[in-house]
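1. Make a model of this:
(2 chains)
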Number of protein chains: 2
Amino acid sequence: MKRIAVDAMGGDHAPQAIVEGVNQALVDFPDIEVQLYGDEAKIKQYLTATERVTIIHTAEKINSDDEPAKAIRSKKQASMVLAARAVKDGQADAVMSAGNTGALLAAGLFVVGRIKQVDRPGLLSTLPTLDGAGFDMLDLGANAENTPKHLHQYAILGSFYAQNVRGIAKPRIGLLNNGTEETKGDPLRKETYELLANDKSLNFVGNVEARDLMSGVADVVVADGFTGNAVLKTMEGTAISILGQLKSSIENGGVKAKIGYVFLKDSLKVMKSTLDYSSAGGAVLFGLKAPVVKSHGSSDAKAIYHTIKQIRTMLDSEVVNKLVQEFVAKEVQVDD
Amino acid sequence: MKRIAVDAMGGDHAPQAIVEGVNQALVDFPDIEVQLYGDEAKIKQYLTATERVTIIHTAEKINSDDEPAKAIRSKKQASMVLAARAVKDGQADAVMSAGNTGALLAAGLFVVGRIKQVDRPGLLSTLPTLDGAGFDMLDLGANAENTPKHLHQYAILGSFYAQNVRGIAKPRIGLLNNGTEETKGDPLRKETYELLANDKSLNFVGNVEARDLMSGVADVVVADGFTGNAVLKTMEGTAISILGQLKSSIENGGVKAKIGYVFLKDSLKVMKSTLDYSSAGGAVLFGLKAPVVKSHGSSDAKAIYHTIKQIRTMLDSEVVNKLVQEFVAKEVQVDD
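-> Numbering: from 1, shown residues only, chains lettered A, B, ... in the order given. Just a heads-up that it's a prediction; the model follows:
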């Protein structure tokens, strides 16, 4: 049985969306058990599942504007902190929250803890490509500064994730850079390029440019946390802006535009669903001793369901255990 | 008379698009004079203007796949190099090319030369916002590494550009960061924040996130060249991907989608024109002794025309001279 600790109080639509997503997941996945941390009375309003689910009541929760590290230290009874502690104490195998991202990162690092050999766990998400296959990118902002060694570790982490969770046999690893030529970039990129090219366990395909990410130029894209964060937010901002612009062009286009919209509606839906990647689950703080997954703050029940599904796949494939073995083996090699 | 040296041989549609853009600019702007560098016979095929235009014939040109610094050194008679040299020798006041970006940056730095007090000229473009006003961003990739001092200089450069070329009285300067709070970012961002906040000549509005750029959160956005380049290319890639996806959704949507498209066509054109920012001109390598402007490689005659117009505004407003005075004054202050 896979035991998942869920922060029922985090996110814009908590606890309703969280609990409804959990209800559906419990129906579809008979091998999971869910612990819901939060306000018992509120959770019960929405909980229809009766088996393999428990509520651990707490009145305290972390707010979206709380200062992350401080909140983790001072709000020891918060639903998110208790859920993370359950993993540390061996009561649960993974933790999920749609709440304060920084606080979940802090809880992951300081409560769940990192794999000893991974210096800086990275935030990983599966992002959309035009062919629907998607790509994994990390670090998306867990760290503001990274070394070549961190980026090498991200390549290994990303490769394991794509292989075990997304079922890609030999994931193509790309290094995000300001040009595709081998000699491009700053010292961080140049040194990382060397490390990746010399690691024969990786299917390294070289430098990739941000312009080509949505064309599926790699299965895993490695970036420092600052740049990865900027790229992720640019993708989000540009997509939202263009779709918003499309909407307002239609709304301000008079009767003609509205007639056109009626006919085009289905095609626009196809387009939107290609861009909507919530079915790939949430963002994983990867490199920790257990899966710690952040679902988007605006998650609805469907997004929560997919995040639970993603966690189940992570547990089923034992990707974290495999990672530990890989890093131990690499350490032994280096020590030889 | 404003004398503009034009590389007629650079870009995907050279020399036709270049010469046709110049023809139109010469009609509309009686205060400019254009020197066309390149293959005389080919240029003459398209040149309709007869006054205030000269052709300086050369058979050599820099190709898009030439190694930039090497090309500048070895192809001394290339159209781009001769155009840059005309500025250095006082024969022209500005240079424009739609050719190899790296080579133009190298020609700008090594032939035209930087303003003494500007350590690292930055690549600046005006990018689209949803309200149509646009924002200027630099450095977009002239440098792979930057210091806080460089970023401070970019803020001054961007502010002068927005004020003089775009007519914004007190441009709002934002620092691209991984969060809006004052304490966010790596040491580069934190030190830059201090410098910008303490420079009372700037209208600094604090940190801005990549997600909000197209919403017009600032008039000028300051970034290091590596991140700026990644953000620019992500914007381009995402926009192209979404519009391509929209197109294929319509094409594969059957008769219904095609009928819808006929009705919606005008609204979609409005949307595309908001995103098309070629009317703002090309990318300026800013911080040099004269305007050096790169028009997009795929530029058509209209884009070339707008780049010439932009250069004329730069010369008319004497933005480069004003910059020199500003940096000399700042240097004197520091020496006090």
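
2. does A:Leu105 sit in a helix, a strand or a coil?
-> For A:Leu105, the assignment made with DSSP: H, G, I helix; E, B strand; the rest coil gives helix.

3. got a list of what it touches?
-> Going by Cβ atoms under 8 Å, 6 or more residues apart in numbering or on different chains, A:Leu105 touches A:Pro68, A:Leu123, A:Ala142, A:Leu285, A:Lys294. Yep, even glycine has a C-beta here, placed from its N, CA and C like the rest.

4. Can you read off the pLDDT for it?
-> Confidence at A:Leu105, expressed as pLDDT, is 96.

5. Make JSON lines from the contacts of A:Leu105 and add secondary structure, distance to B:Gly21 and pLDDT to it.
-> JSON lines is the format used below for these (DSSP: H, G, I helix; E, B strand; the rest coil; distance: Cβ to Cβ, whole Å; pLDDT from 0 to 100):
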{"residue": "A:Pro68", "secondary structure": "helix", "distance to B:Gly21": "52", "pLDDT": "93"}
{"residue": "A:Leu123", "secondary structure": "strand", "distance to B:Gly21": "45", "pLDDT": "97"}
{"residue": "A:Ala142", "secondary structure": "coil", "distance to B:Gly21": "47", "pLDDT": "95"}
{"residue": "A:Leu285", "secondary structure": "strand", "distance to B:Gly21": "51", "pLDDT": "96"}
{"residue": "A:Lys294", "secondary structure": "strand", "distance to B:Gly21": "49", "pLDDT": "97"}
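
6. Now name the helix or strand holding A:Val95.
-> Element membership of A:Val95 [criterion: DSSP states H and E] is strand A:94-97.

7. by contact count, what packs against that strand?
-> strand A:2-7, helix A:79-88, strand A:292-294, helix A:301-316 (3 or more Cβ pairs under 8 Å, 6 or more residues apart in numbering or on different chains; DSSP states H and E).

8. Convert stretch A:243-258 to PDB, retaining C-alpha atoms only.
-> The C-alpha trace of stretch A:243-258 is given here as PDB (Å, rounded to 0.1, in the frame of the first residue of the first chain):
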ATOM      1  CA  LEU A 243      -4.700  33.400 -25.100                       C
ATOM      2  CA  GLY A 244      -6.100  36.500 -23.300                       C
ATOM      3  CA  GLN A 245      -5.400  38.600 -26.400                       C
ATOM      4  CA  LEU A 246      -7.200  36.000 -28.500                       C
ATOM      5  CA  LYS A 247     -10.200  36.100 -26.200                       C
ATOM      6  CA  SER A 248     -10.400  39.900 -26.200                       C
ATOM      7  CA  SER A 249     -10.000  40.100 -30.000                       C
ATOM      8  CA  ILE A 250     -13.000  37.800 -30.300                       C
ATOM      9  CA  GLU A 251     -15.000  39.700 -27.700                       C
ATOM     10  CA  ASN A 252     -14.300  43.100 -29.300                       C
ATOM     11  CA  GLY A 253     -14.700  41.800 -32.800                       C
ATOM     12  CA  GLY A 254     -18.400  42.200 -33.000                       C
ATOM     13  CA  VAL A 255     -21.000  39.800 -34.300                       C
ATOM     14  CA  LYS A 256     -18.800  38.500 -37.000                       C
ATOM     15  CA  ALA A 257     -16.100  37.400 -34.500                       C
ATOM     16  CA  LYS A 258     -18.700  35.800 -32.300                       C
END
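
9. and it, which residues are buried?
-> Within stretch A:243-258, the residues scored as buried using 16 or more other Cβ atoms under 10 Å in any protein chain shown are A:Leu243, A:Gln245, A:Leu246, A:Ser249, A:Ile250, A:Gly253, A:Ala257.

10. What mean pLDDT does that stretch get?
-> pLDDT averaged over stretch A:243-258 gives 82.

11. swap in stretch A:9-16?
-> Rounded mean pLDDT across stretch A:9-16 is 96.

12. And the contacts of it?
-> Contacts of stretch A:9-16 (Cβ under 8 Å, 6+ apart): A:8, A:17-18, A:36-39, A:42-43, A:45-46, A:61-62, A:79-80, A:97-100, A:104, A:295-301.

13. so how far does it reach from one end to the other?
-> 9 Å (Cα to Cα, to the nearest Å).

14. From the chain's centroid, how far away is it?
-> 18 Å (Cα atoms, centre = their mean, to the nearest Å).

15. What is the burial count for A:Gln117?
-> 17 (other Cβ atoms under 10 Å in any protein chain shown).

16. Over to A:Leu157?
-> Applying other Cβ under 10 Å, we find 27 residues neighbouring A:Leu157.

17. give me every residue that touches the residue found closest to it once you drop the neighbours it is linked to in the chain.
-> The spatially closest residue to A:Leu157, leaving aside those adjacent along the chain, is A:Phe286, at 4.9 Å (Cβ to Cβ, 6 or more residues apart in numbering or on different chains). Contact analysis of A:Phe286 by Cβ under 8 Å, 6+ apart lists A:Pro121, A:Gly122, A:Leu123, A:Leu124, A:Leu138, A:Leu157, A:Gly158, A:Tyr161.

18. Out of those residues, which sit inside strands?
-> Residues of the contacts of A:Phe286 located in strands (DSSP state E): A:Gly122, A:Leu123, A:Leu124, A:Leu138.

19. Kindly give a single PyMOL line that selects the buried subset of these.
-> Buried members of those, defined by 16+ other Cβ under 10 Å, are picked up in PyMOL with:
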select buried, chain A and resi 122+123+124+138
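
20. just to revisit the earlier point, any chance of the helices and strands packed on strand A:94-97 in CSV with mean neighbour count and distance to B:Val328 as columns?
-> As requested, the helices and strands packed on strand A:94-97 are exported to CSV (neighbours: other Cβ atoms under 10 Å in any protein chain shown; distance: least, Cβ to Cβ, whole Å):
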stretch, mean neighbour count, distance to B:Val328
strand A:2-7, 27, 58
helix A:79-88, 26, 55
strand A:292-294, 27, 50
helix A:301-316, 22, 56
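
21. can you tell which of the ones you listed is closest to chain B?
-> Among these, the nearest to chain B by Cβ to the nearest Cβ is strand A:292-294 (15.6 Å).

22. what lines up beside the closest one in the sheet?
-> Sheet pairing here is set by DSSP bridges, and for strand A:292-294 it gives strand A:94-97 (parallel), strand A:283-286 (antiparallel).

23. got the ones you listed as TSV, with distance to A:Asn198 columns?
-> Shown next, in TSV, are the strands paired with strand A:292-294 (distance: least, Cβ to Cβ, whole Å):
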stretch	distance to A:Asn198
strand A:94-97	33
strand A:283-286	23
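
24. from those, which stretch is densest packed?
-> Neighbour counts (mean count of other Cβ atoms under 10 Å in any protein chain shown) averaged over each of those peak at strand A:94-97, with a mean of 30.

25. how about the residues of the stretch 1-150 of chain A near chain B?
-> Proximity of the stretch 1-150 of chain A to chain B (Cβ under 8 Å from any Cβ of the partner chain) is limited to residues A:Leu130, A:Gly141, A:Ala144, A:Glu145.
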